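Visitor: next one to model:
(one chain, ligands or ions: 2)
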Amino acid sequence: MRLEDPVSGLRGVGGARGRLLEILGITSVSDLLYHMPARYEDRRHITPIGQLRDGRVCVAKGRVLGLKINPARKRNVNVAVFDARDGTGAVRVVLFGGPASFTRLKENSVIYLYGAPSFSDRGFLEFVSPEYAVFGTENGTPPWLCLWPIYPTTRGLPRSWLANTIKSCAASPELIPEDPIPTAILEKYSFPSLKKAFEGIHAPKTHEDISRATARLAYQEFYEHQLGIIAQIASTSRLTAKSASAGKELQDMFVASLPFKLTESQKKALEEITSDMDGEKPMNRLLAGDVGSGKTAVAAAAAARCVGAGYQAAVLAPTTILADQFFDFVEKYFAPLGKQAAKITGNTPKALRDELIWRLRDGEIDVLVGTHAMLSETVAFRSMGLLVIDEQQRFGVLQRDKIAGGNRGTHILMTTATPIPRTLRMALYGDIAFTEMATRPGKGRIITKMISDNHVGELYAFLSERVRRTGDKCYWVCPLIGSDGGGESSVTARAKDLRKHMKDIPVEVLTGETPALEKTETMERFRSSGGILVSTTVIEVGVDVSGANVIVIEKASAYGLSQLHQLRGRVGRGNRKGICVLLDSAANLKGSERMSVLLNCGDGFRIAEEDLRLRGAGEYLGVRQHGDENFKVADIARDEKWFLAARDDAAEIQRNAG
Ligand code: ADP
Ligand code: MG
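Guide: Ligands and ions are numbered 1, 2, ... in the order given. Okay, the predicted model is just below:
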């Protein structure tokens with residue numbers, strides 16, 4: 001087996017488990033090796049039973065004595081009660097399990113326990129439902145008697161199975177590729193080999209192993225990425241770009257046809273972009289602007305210039321919803337100018353797709369908007385002059401390189417709503433040009449309020465009044481889907497409750513599990529009929545529905561500040577002020593430093609900085625959260641030192657080579 005091979009080829013990874021792994025984003029052996037533990041539990045030391053303490057997590061080991069197994073009151077559940085005894089004392093153990101789960105448990109067998117014992121009602125220590133392993137003799141030891149990695153998992157996929165599977169991969173030398181880092185560099189930083197690094201992550205003996213392995217893998221990601229960037233810069237700097245200066249007239253007509261005047265920020269951004277596009281070198285620019293700052297209009301104006309100069313423009317959006325939205329905007333203002341826009345997403349029927357591909361190749365289509373469904377070899381442009389990558393942070397670094405690399409000499413404009421500090425920007429893109437839009441059109445500030453769970457009734461009354469009387473549309477965001485029928489704070493449960501209480505108001509549901517076509521239809525209905533859209537954060541960034549003026553964020557404390565800020569940026573885009581309600585338990589809201597930042601500040605960049613300060617680097621930007629092809633190990637804020645080292649090393653290697 002090799003790294004790129006599908007996991008299904010591994011022993012024990014059958015259909016069902018394979019599908020569960022896929023939910024975690026694991027499809028290849030490499031994905032498995034790069035599935036990083038969220039944390040480790042130190043289970044290396046056995047505590048003598050006589051030294052167990054109330055509430056303290058530990059490993060204990062003893063003989064099973066006085067075993068009784070009884071059916072519990074609930075059907076299909078048995079209770080096993082016994083003492084575990086070693087030379088220093090005894091502790092009561094209570095286990096629950098199905099009828100078949102206690103077959104190995106025998107009087108006098110050896111048991112290992114992991115958990116925190118607590119005082120029972122009768123005043124003695126007991127373990128209730130600890131993790132455990134049973135052996136007939138002294139010879140066995142549980143696999144988890146070590147620094148035990150705790151992996152992110154999904155329901156139905158046991159942690160221990162995942163851990164053991166990953167561990168055995170990491171221990172298979174034939175799966176580990178040749179080390180991409182030159183020996184001299186490994187020696188310079190005393191890095192472990194690639195094989196040792198995977199062992200250090202998945203089967204560490206000491207904490208030191210973990211940190212050395214993490215540093216090495218992070219360094220490697222930066223190093224390989226920097227080499228890629230250097231190569232790209234070297235090849236594009238020799239290319240001449242398609243100058244767009246001849247498109248000025250069309251661009252002016254486009255801007256004049258918009259129903260609004262560009263803000264000063266938009267004008268300035270557009271000036272920087274057009275001066276790049278008129279030049280000889282391919283543009284490589286990142287347009288950053290808070291949610292709702294009007295990046296679509298700016299990007300579309302750039303596309304107009306490109307089209308006016310006789311080239312085609314492509315717009316790549318991260319989701320179908322955003323592609324639909326961008327397309328609608330472009331089509332609306334390009335058609336009157338006699339220019340053709342088209343769209344390719346995963347929903348596009350094959351016959352239509354084929355037709356569009358032909359027309360694109362003939363140069364009949366001026367602007368193609370789409371999702372990654374348009375990134376296939378068959379989709380070829382007659383002459384692409386500009387590539388816009390909307391909400392680029394949603395694309396993985398590697399994916400982004402691939403898109404850009406395939407269109408050499410094309411001007412590239414990326415947009416993002418996530419403010420990115422300078423080092424981070426260099427790490428991700430090399431020396432990219434940068435434009436920031438500081439202001440937002442429209443009514444500006446969004447009113448943000450905190451409401452505690454026990455006032456939900458009043459909130460319902462308020463929403464129903466807003467929807468009915470002023471025709472406002474409302475988003476309701478929940479942290480969970482609840483696809484199996486409910487659960488607290490789930491989309492399913494909330495939608496059900498809303499429907500029960502507001503019979504005459506349309507309540508739509510949208511989650512990551514909604515099929516793509518249905519997503520589009522749901523958004524259409526919400527756009528046209530209004531009401532309340534209950535969703536997870538699937539549609540967090542970039543969604544623009546006019547008349548959506550209220551957003552409720554349930555269990556608000558579960559989100560990062562930047563994420564909350566981006567969510568609330570979905571509302572208040574028309575000429576009415578937006579309202580954002582942060583809903584949570586009174587305890588979570590009261591005196592929360594984080595929440596008060598949101599109430600007092602409307603500047604995305606400052607909020608991001610606060611977020612960084614309050615939550616620590618790892619979660620910032622969601623470099624790892626998104627789980628796509630972004631850096632898997634490296635965390636640019638945490639590993640900044642390794643980034644700088646890798647950048648210098650890669651540059652030096654390149655110099656020596658060329
Ligand atoms: P984002 O920067 O988050 O992508 P959008 O481009 O979706 O924001 O714009 C948000 C909303 O503001 C849209 O409805 C858009 O039509 C509107 N808009 C953009 N520019 C202006 C402007 N200069 N004046 C008024 N409204 C604008
Ligand atoms: Mg946008």
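
Visitor: what stretches of the stretch 101-250 of the chain score poorly on pLDDT?
Guide: 236 (pLDDT under 70).

Visitor: up against ligand 1, what does the chain have?
Guide: 260-263, 266, 289, 291-297, 417, 441-442, 542, 544, 573 (Cβ under 6 Å from any ligand atom). (Glycine included, C-beta is placed from N, CA and C.)

Visitor: what about 8 Å?
Guide: Residues of the chain lying close to ligand 1 by Cβ under 8 Å from any ligand atom are 258-263, 266, 289-298, 325, 329, 390-391, 415, 417, 437, 440-442, 541-542, 544, 546, 569, 573-574.

Visitor: narrow the residues you listed to those in strands?
Guide: 289, 415, 437 (DSSP state E).

Visitor: neighbour-wise, which one of those leads?
Guide: Neighbour counts for those peak at Thr415, which has 26 neighbours (criterion: other Cβ atoms under 10 Å).

Visitor: wait, that residue sits on Asp390?
Guide: Yes. With contact defined as Cβ atoms under 8 Å, Thr415 counts as touching Asp390 (5.3 Å).

Visitor: so what's in contact with the two at the same time?
Guide: Any residue near both Thr415 and Asp390 by Cβ atoms under 8 Å, 6 or more residues apart in numbering counts here, and that gives 295, 299.

Visitor: packing partners for the longest strand along the chain?
Guide: Identified as the longest strand of the chain according to DSSP E is strand 58-71. Applying 3 or more Cβ pairs under 8 Å, 6 or more residues apart in numbering; DSSP states H and E, we find strand 58-71 packed against strand 78-86, strand 89-97, strand 110-115.

Visitor: check which element follows the shortest one along the chain.
Guide: Along the chain past strand 110-115, the next helix or strand (assigned with DSSP states H and E) turns out to be strand 118-119.

Visitor: got the CA coordinates for the helix or strand following that following strand in CSV?
Guide: Sequence-wise, the next helix or strand downstream of strand 118-119 (DSSP H and E) is strand 125-128. Only the C-alpha atoms of strand 125-128 are listed here, as CSV (Å, rounded to 0.1, in the frame of the first residue of the first chain):
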residue,chain,number,x,y,z
LEU,A,125,-14.7,5.3,46.4
GLU,A,126,-16.2,3.9,43.2
PHE,A,127,-15.5,4.0,39.5
VAL,A,128,-18.8,4.4,37.6
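
Visitor: who's in contact with strand 125-128?
Guide: Residues contacting strand 125-128 (Cβ under 8 Å, 6+ apart): 52, 54, 60, 84, 91-94, 113, 115, 117-120.

Visitor: go through it and flag the buried ones.
Guide: 125-127 (16 or more other Cβ atoms under 10 Å).

Visitor: which stretches in the stretch 551-658 of the chain count as helices?
Guide: Taking DSSP state H, counting those that start in this stretch as the test, the helices found in the stretch 551-658 of the chain are 561-568, 586-589, 593-600, 604-615, 640-657.

Visitor: helices or strands up against the longest one?
Guide: Using 3+ Cβ pairs under 8 Å, 6+ apart, the elements in contact with helix 640-657 are helix 207-236, helix 422-429.

Visitor: can you tell which of those helices is closest to Thr345?
Guide: helix 422-429 (25.9 Å; Cβ to Cβ).

Visitor: which sections of the stretch 301-450 of the chain are below the confidence cut-off?
Guide: 394-408, 419-424, 427-428, 431, 442-445.

Visitor: the residue in it that ligand 1 sits nearest to - how many residues pack around it?
Guide: In the stretch 301-450 of the chain, the residue that lies nearest ligand 1 is Pro441 (3.3 Å; Cβ to the nearest ligand atom). As a burial measure, Pro441 scores 18 neighbours (other Cβ under 10 Å).

Visitor: so it sits right up against Thr263, yeah?
Guide: Yes. In this structure, Pro441 is within contact of Thr263 by Cβ under 8 Å, at 5.1 Å.

Visitor: any shared contact partners between those two?
Guide: With Cβ under 8 Å, 6+ apart as the test, Pro441 and Thr263 both reach 293-294.

Visitor: excluding chain neighbours, what is closest to Tyr460?
Guide: Nearest non-adjacent residue to Tyr460, counting by Cβ to Cβ, 6 or more residues apart in numbering: His501, 5.4 Å away.

Visitor: and the gap between Thr348 and Ala342?
Guide: 9 Å (Cβ to Cβ, to the nearest Å).

Visitor: ok so, going back, same list, the helices and strands packed on helix 640-657, but as JSON lines with distance to Arg73 and mean neighbour count please.
Guide: Formatted as JSON lines, those follow (distance: least, Cβ to Cβ, whole Å; neighbours: other Cβ atoms under 10 Å):
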{"stretch": "helix 207-236", "distance to Arg73": "44", "mean neighbour count": "19"}
{"stretch": "helix 422-429", "distance to Arg73": "56", "mean neighbour count": "18"}
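
Visitor: now do Lys267, the pLDDT please.
Guide: pLDDT for Lys267: 96.

Visitor: tell me how many other residues crowd the closest residue to Asn454 other than its chain neighbours.
Guide: Nearest residue to Asn454, sequence neighbours excluded (Cβ to Cβ, 6+ apart): Ala586, at 6.9 Å. For Ala586, the neighbour count with other Cβ under 10 Å is 12.

Visitor: and if you look at Ile432?
Guide: When neighbours are counted by other Cβ under 10 Å, Ile432 comes out with 16.

Visitor: what of Asp639?
Guide: Neighbours of Asp639 (other Cβ under 10 Å): 23.

Visitor: pull the contacting residues for the closest residue in space to it that isn't next to it in sequence.
Guide: Counting by Cβ to Cβ, 6+ apart, Asp639 lies nearest to Ala218, which is 4.4 Å off, once chain neighbours are set aside. Listed by Cβ under 8 Å, 6+ apart, the contact partners of Ala218 are 631, 633-635, 639, 642.

Visitor: who wins on neighbours among the residues you listed?
Guide: Counting by other Cβ under 10 Å, top hit in the contacts of Ala218: Ala634 with 26 neighbours.

Visitor: please report how far that one lies from Ser30.
Guide: For Ala634, the distance to Ser30 - Cβ to Cβ - is 16 Å.

Visitor: can you check Gly200 too?
Guide: For Gly200, the distance to Ser30 - Cβ to Cβ - is 17 Å.

Visitor: between those two, which one's more packed in?
Guide: Gly200 (23 against 18).

Visitor: name the nearest residue to that one, ignoring sequence neighbours.
Guide: Ala213 (2.9 Å).

Visitor: show me where the stretch 451-600 of the chain has its strands.
Guide: Along the stretch 451-600 of the chain, counting by DSSP state E, counting those that start in this stretch, strands occupy 473-477, 507-510, 532-535, 548-554, 579-584.

Visitor: which of these sits most buried?
Guide: strand 532-535 (a mean of 27; mean count of other Cβ atoms under 10 Å).

Visitor: check which helices and strands that one is in contact with.
Guide: strand 473-477, helix 491-501, strand 507-510.

Visitor: packing partners of the shortest one?
Guide: If contacts are counted by 3+ Cβ pairs under 8 Å, 6+ apart, strand 507-510 sits against helix 491-501, helix 516-529, strand 532-535.

Visitor: how far out from the middle of the chain is that strand?
Guide: 22 Å (Cα atoms, centre = their mean, to the nearest Å).

Visitor: for it, list the C-alpha coordinates in PDB.
Guide: The C-alpha trace of strand 507-510 is given here as PDB (Å, rounded to 0.1, in the frame of the first residue of the first chain):
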ATOM      1  CA  VAL A 507     -39.700  28.200   8.200                       C
ATOM      2  CA  GLU A 508     -36.900  26.800   6.000                       C
ATOM      3  CA  VAL A 509     -34.100  24.500   7.000                       C
ATOM      4  CA  LEU A 510     -30.600  24.300   5.500                       C
END
